[in-house]
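Peer 1: need a 3D model of the sequence below.
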Amino acid sequence: MSLSPLSTKDAASKLKVDLIENGIGTQALHETVVAYRANRRAGTHSTKTKATVAGSGKKPWRQKGTGNARSGYKSSPVWSGGGVVFGPHPRDYSKKTNKAVKQLALRKAISSRINAGEVFVIDALTLSKPKTKDLVAKLKDGFDKKTSALIVIEALDENIYLASRNHPRIEATTGDLVNAEQLLRYDKIFITDGALGKLSTRLQK
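Peer 2: Numbering: from 1, shown residues only. Modelled structure (predicted):
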């Protein structure tokens, strides 16, 4: 498999957009990445307050005469097994990002990775079987034991998807699904010509 870094000039020609080479889009990229990560949060964490802890409301001892501090209920937060004060409760962490901001963030992300020389154009990638070993062998020119890689292909391929899923440092996606956060998460990005076309279409909308 041929492997060559994507130069800024070639990328601008293939993507048919002007790459960003300054600070434009930095804020959009930050907001978009934060939104992607927030939207993955389940928000299911929960604690019990003094009102929801199981137990009776009986006074643990009489008000006076025991030498203990006054206490009205066993579920008080000051006791072991009592309720939690200001603890977390289920909530929705999702954030909305408009289409224009996402598009600018995507262009900023791919531009920064191309400018850093971390995007490589590869031939159409195919696997006869969903074997991780075979996938790694095809990336041997630019992939090693310390490198993480994002593979961007033109269309969903089950063999490539299954082979990449079994590797902790490889992810496969398609040109019409890849997002800005994925482009920043991995050390190297391997992208096919067909996927570049799909990405170009998204950046021009």
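Peer 1: hey, let's count contacts and neighbours off CA atoms from now on
Peer 2: OK.
Peer 1: SS state for Ala172?
Peer 2: Of the three states, Ala172 takes strand under DSSP: H, G, I helix; E, B strand; the rest coil.
Peer 1: scratch that, Arg62
Peer 2: Per three-state DSSP, Arg62 ends up coil.
Peer 1: what about it, distance to Ala38?
Peer 2: In this view, Arg62 and Ala38 are 49 Å apart by Cα to Cα, to the nearest Å.
Peer 1: one more: Ile191?
Peer 2: 27 Å.
Peer 1: which one's more surrounded, those two?
Peer 2: Counted by other Cα atoms under 10 Å, Ile191 and Ala38 do not tie: Ile191 has more neighbours, with 25 against 16.
Peer 1: that's a strand at that one, yeah?
Peer 2: Yes. Under three-state DSSP, Ile191 sits within a strand.
Peer 1: which residues are in contact with the residue nearest to Val119 when sequence neighbours are not counted?
Peer 2: Leaving aside its sequence neighbours, Val119 sits nearest to Ile189 (Cα to Cα, 6 or more residues apart in numbering; 4.8 Å). By Cα atoms under 8 Å, 6 or more residues apart in numbering, the contact set of Ile189 is 118-120, 149-152, 183.
Peer 1: just the ones of the residues you listed in helices?
Peer 2: Here DSSP state H is the test, and these give Leu183 as lying in helices.
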